[in-house]
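Student: Build the 3D model from these lines:
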Amino acid sequence: MGLALYTASSTAKGGRKGHVTSSDGTLDLELSLPKGLGGKGTEGSTNPEQLFSAGYAACFDSALQLVAGKAKKKTSSTVTAHVSIEKKMKGFGLSIELEVEIEGVTQEEAEDLVDQAHEVCPYSRAIDGNVKVKKTVKAI
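Tutor: Numbering: from 1, shown residues only. Presented below is the predicted three-dimensional model:
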């Protein structure tokens, strides 16, 4: 393991129908089981897939800005991460689609930047080989 530059800590109680808080109190969220998984999808609550998609989208966009900067490309980007939970042969798994829009580059450059970002993004690296990630890229 490498040297930790930052560690985030959160505590969950009650599983998917409980509560989650971060150690610094910034996150303090009620959880509920989504309707798609047989729950009520209680208004004002969240779930692990939403939290993962938010983190992945933000992290990937940062990785994209990093590689674009190194390539001397002045761009603006938007990343949407769709995280799905699926029934597998043994239990459950995730699948992800990243929708990426990048301004100021050609389609080919956008696709290249997304591929590079996928190589350096900690979320992408963490799930590499375990979770299928579909990338939809659009130069705008």
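Student: Which helix or strand contains residue 57?
Tutor: helix 48-70 (DSSP states H and E).
Student: now for that helix, which elements pack on it?
Tutor: strand 76-87, strand 92-103, helix 107-120, helix 122-127 (3 or more CB pairs under 8 Å, 6 or more residues apart in numbering; DSSP states H and E). Where C-beta positions appear, they are placed from N, C-alpha and C, glycine not excepted.
Student: how is the chain carved up into domains?
Tutor: Using automatic domain parsing, the domains assigned to the chain come out as 1-46, 48-139.
Student: Quick one: end-to-end length of the first one, please.
Tutor: Right, the one you point to is domain 1-46. 31 Å (CA to CA, to the nearest Å).
Student: Near residue 91, how many other residues are there?
Tutor: Neighbour count for residue 91, taken as other CB atoms under 10 Å: 7.
Student: Any figure for the gap between it and residue 117?
Tutor: 30 Å (CB to CB, to the nearest Å).
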